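Peer 1: Next come a sequence and a model predicted from it.
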Amino acid sequence: MSDRKPAYKVSPTNSGIGEIHTEPDRVADMPYAPAIRIEAPGDLLFISGATSSPLYHKHPHVPKEHDHPLDIRDQTKKALDTIKSILEHQGLHWTDIVKMTKYLTDMRDQDGMSATIRETLGDWSPASTTICINQLSTPGARVEIDCIAVFPRK
C-alpha cells in the first residue's frame, strides 16, 4: 500500500503530471516545484539547451548570428521562445514540462531570469535546477535553459 499523497496541483494539460509540495502554505515562496510526479508517463521529450541565439545557426559558429541582448530578461525571453517553438511543434504546452535546468554565467541574473520564466509559465512550476557556469557557447550569452516534457497519456 502506498502512502503517496495527492499532488498539490495537477497540470491542466496533462493529468499524469503533478506538482509536489511538502509545505503547501509556502508555495508562494517558491519559484519552482521541489518535485514533480509523473504517473503512467507518456513519451518523454528532451529539449536541448536554448540560449538567445537562433535555434538554427551555423557550426562552427559565425559570430554575426549570435547577437545577444544585454538584458537577462531579454535573453531569457528569447531562449523561452525557442523552447516554446519546440513544444508547439510537438503539440505540447508549458504545463507539460516536468524539469527545467537553467545555466547562468552570473548568479546575480537569477531574479531577472526567474521573473521572466514566471511570466511565461504562469502558475506552473516544474522541478528546477539553476547552475552557475563560467561561460556559454557564444560570447555574450548569459543564460541557457533545457527542459524535459511529458506527452499526455492517450
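Peer 2: Noted; the coordinates are in hand.
Peer 1: for the longest helix anywhere in the chain, packing partners?
Peer 2: Looking across the chain with DSSP state H, the single longest helix is helix 72-89. Contact here means 3 or more Cβ pairs under 8 Å, 6 or more residues apart in numbering; DSSP states H and E; on that basis helix 72-89 packs against strand 44-50, helix 110-121, strand 143-150. (Glycine included, C-beta is placed from N, CA and C.)
Peer 1: Now render those as a markdown table, adding mean neighbour count, distance to Ile97 and mean pLDDT.
Peer 2: Shown next, in a markdown table, are those (neighbours: other Cβ atoms under 10 Å; distance: least, Cβ to Cβ, whole Å; pLDDT from 0 to 100):
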| stretch | mean neighbour count | distance to Ile97 | mean pLDDT |
| --- | --- | --- | --- |
| strand 44-50 | 16 | 8 | 92 |
| helix 110-121 | 17 | 8 | 97 |
| strand 143-150 | 23 | 5 | 96 |
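Peer 1: closest to Tyr32 out of those?
Peer 2: Tyr32 lies closest, by Cβ to Cβ, to one member of the helices and strands packed on helix 72-89: helix 110-121, at 8.5 Å.
Peer 1: Please export the C-alpha coordinates of the closest one as CSV.
Peer 2: Output of helix 110-121 as CSV, limited to C-alpha atoms (Å, rounded to 0.1, in the frame of the first residue of the first chain):
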residue,chain,number,x,y,z
GLN,A,110,18.8,34.8,-11.3
ASP,A,111,16.0,37.1,-10.2
GLY,A,112,15.5,38.6,-13.6
MET,A,113,15.7,35.2,-15.3
SER,A,114,13.2,33.7,-12.8
ALA,A,115,10.8,36.6,-13.2
THR,A,116,10.7,36.1,-16.9
ILE,A,117,10.2,32.4,-16.6
ARG,A,118,7.3,33.0,-14.1
GLU,A,119,5.7,35.5,-16.6
THR,A,120,5.9,32.9,-19.3
LEU,A,121,4.9,29.7,-17.4
